[in-house]
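1. sequence and computational prediction follow.
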Number of protein chains: 2
Amino acid sequence: MSLVRVHNFSVSLDGYGAGEGQRLDAPFGHAGHRLVEWAVGTRTFRDMGVPGESPGSRGVDDAFASAWGPGIGAEIMGRNKFGPQRGPWEDEEWKGWWGDNPVFHTPVIVLTHHPRPMLEMEGGTSFHFVDADPASTLELARTLAGDLDVRIGGGVTTVRQFLEADLIDHMHVVVVPIVLGRGERLWDGLEGLEQRFTIEATPSPLGVLHLILTRRLSP
Amino acid sequence: MSLVRVHNFSVSLDGYGAGEGQRLDAPFGHAGHRLVEWAVGTRTFRDMGVPGESPGSRGVDDAFASAWGPGIGAEIMGRNKFGPQRGPWEDEEWKGWWGDNPVFHTPVIVLTHHPRPMLEMEGGTSFHFVDADPASTLELARTLAGDLDVRIGGGVTTVRQFLEADLIDHMHVVVVPIVLGRGERLWDGLEGLEQRFTIEATPSPLGVLHLILTRRLSP
């Protein structure tokens, strides 16, 4: 059975995965880039087109960051990750943040209450707009992924919904030592989550903590 | 100038420093001992009388745990740390959780809206029951401490009040990878705290993360 995985998901000390006030020019709201600073300096993110002066680090942060791609056959993302529009689509010309050749190179399911036609992009990425519950969405994603794994790409609400439905097997969370104070909380409603997962913690020289949550085998 | 320090203060991934439902037989509420497990196995806590089979670990957890005592001349604690009674004192026979010779060996200020006579204990500990705001309490504690540092001993509300008043210089927080879901949150109202402190993170083989927050020098 293929796995359902989450990668490179940052939260603040107070458990926020995104700040308040997300907009086109502020995709993480008032959090700015502070939640993702550990990632943008890695070789993996430079290779995805994140600008920077160096070729990117190859230390522990990159070791974790680079795991997001291999073995993935499809991604599921929330609509807010796909773009800043809310409600009915006013501009179907919007094709995501990632240009004509997006970084995914697999089918991507975009969860939305407002379906629109599938978008076929360059490089193997296609966007499928779906209005369904987590279990049904995952079933569709598994069909699209073949024998490969499915990645839950975020944002916060989407990851939390799949955790609540107990559909996630592997999760890489990065605790960033900042206090955001407001935004979207990842952990709400997930009391006792550690009973469903083993949790391994590894720090980085940048001061963030990489957590790997692995679903415990059923008895 | 003496410092104001916090040591061995555990929080969950979702930022709770204590669970819900604190009682005489459950001082951490539904959190049980999960927040303090990292500490009770250390030599420092064994020396304070925490029962256990081994003489206690001497690794990184103990290195941090042991820093709580040296250089401290007084502690400030909230009333809920002193004991389980709420409201007017019904039982003045209660002299804290720590026996006739408490672990502190310094004056201890207990914050309460219901003052009672000072308690002189064995071994240098005295309990002073005070109804005052953080700044005035600290002034009194500094007088009691002489040239030594003042420790803010908890619980959650007390630490948060002193952080809000910007009275803390050094703080050791331990992030424990559990999701408590309810209880008392440490970080509420402290948005942007990282701008006031440098934060160093060190992991432990137990999977917890030791954070050392050091107040930035004023410009």
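-> Cool, got the structure. A quick note: this is a predicted structure, and the numbers were derived from the prediction, not measured. Numbers count the residues shown, from 1 in each chain, chains lettered A, B, ... in the order given.

2. neighbouring strands - and their directions - for the helix or strand where A:Met171 lies?
-> In this assignment (DSSP states H and E), A:Met171 forms part of strand A:170-176. Its sheet considered, strand A:170-176 pairs with strand A:4-12 (parallel), strand A:209-215 (antiparallel) by DSSP bridges.

3. ok, then the element right after the first one?
-> Think strand A:4-12. For strand A:4-12, the following helix or strand on the C-terminal side (DSSP H and E) is strand A:16-18.

4. which helices and strands sit right next to that following strand?
-> Judged by 3 or more CB pairs under 8 Å, 6 or more residues apart in numbering or on different chains; DSSP states H and E, strand A:16-18 is in contact with strand A:4-12, helix A:156-164, strand A:184-185. Glycine gets a C-beta too; all of them are placed from N, C-alpha and C.

5. what does chain A have sitting close to chain B?
-> By CB under 8 Å from any CB of the partner chain, the part of chain A that sits against chain B consists of A:11, A:13-15, A:175, A:177-182, A:185, A:187-194, A:199-203, A:207-209, A:211.

6. ChimeraX command to pick out the buried ones of the residues you listed?
-> To isolate the buried ones among those in ChimeraX, judged by 16 or more other CB atoms under 10 Å in any protein chain shown, type:
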select /A:11,13,14,15,175,177,178,179,180,181,185,187,190,191,193,194,199,201,203,207,208,209,211
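
7. could you list the low-pLDDT ranges of chain A?
-> Residues of chain A that meet the criterion pLDDT under 70 lie in A:218-219.

8. now do the strands in it.
-> Along chain A, counting by DSSP state E, strands occupy A:4-12, A:16-18, A:72-78, A:107-111, A:119-120, A:126-130, A:149-154, A:170-176, A:184-185, A:197-203, A:209-215.

9. contacts for the first one?
-> This points to strand A:4-12. A:17, A:31, A:35-36, A:38-39, A:64-65, A:67-68, A:72, A:138, A:149-152, A:154, A:159, A:162, A:167-176, A:178-180, A:186-187, A:208, B:13 (CB atoms under 8 Å, 6 or more residues apart in numbering or on different chains).

10. 6 Å instead?
-> A:17, A:35-36, A:39, A:65, A:67-68, A:149-152, A:159, A:167-174, A:176, A:178, A:180, A:186 (CB atoms under 6 Å, 6 or more residues apart in numbering or on different chains).

11. and what of the last one?
-> Judged by CB under 6 Å, 6+ apart, the contacts made with strand A:209-215 from elsewhere in the structure are A:64, A:169-175, A:197-203, B:209.

12. excluding chain neighbours, what is closest to A:His33?
-> Using CB to CB, 6 or more residues apart in numbering or on different chains and skipping the chain neighbours, the partner closest in space to A:His33 is A:Val40 (6.9 Å).

13. the residue most central in space within chain A and A:Val108: what is the separation?
-> Nearest to the mean C-alpha position of chain A, counting by CA atoms, centre = their mean, stands A:Gly153 at 2.7 Å. As judged by CB to CB, to the nearest Å, A:Gly153 and A:Val108 stand 7 Å apart.

14. pull up the overlap in contacts between those two.
-> Contact criterion CB under 6 Å, 6+ apart; residues shared by A:Gly153 and A:Val108: A:Glu75.

15. what lies in contact with the longest helix seen in chain A?
-> Counting by DSSP state H, the longest helix found in chain A is helix A:134-145. Applying CB under 6 Å, 6+ apart, the external contacts of helix A:134-145 come out as A:Gly73, A:Ala74, A:Ile76, A:Pro107, A:Ile109, A:Val130, A:Val150, A:Gln161, A:Phe162, A:Ala165, A:Leu167.

16. that one vs strand A:149-154, what angle?
-> Using axes from the mean of the first three to the mean of the last three CA atoms, to 10 degrees, the inter-axis angle of helix A:134-145 relative to strand A:149-154 is 130 degrees.

17. partners of the residue lying closest to A:Arg116 once chain neighbours are set aside in the sheet?
-> In this structure, A:Arg116 finds its nearest non-sequential neighbour in A:Phe129, 4.9 Å apart by CB to CB, 6+ apart. In this structure, A:Phe129 bridges to A:Val110 when assessed by DSSP bridges.

18. got the contact list for A:Phe129?
-> A:Val110, A:Thr112, A:Pro115, A:Arg116.

19. re earlier: what's the local residue count around the residue nearest to A:His33?
-> Using other CB atoms under 10 Å in any protein chain shown, A:Val40 has 17 other residues around it.
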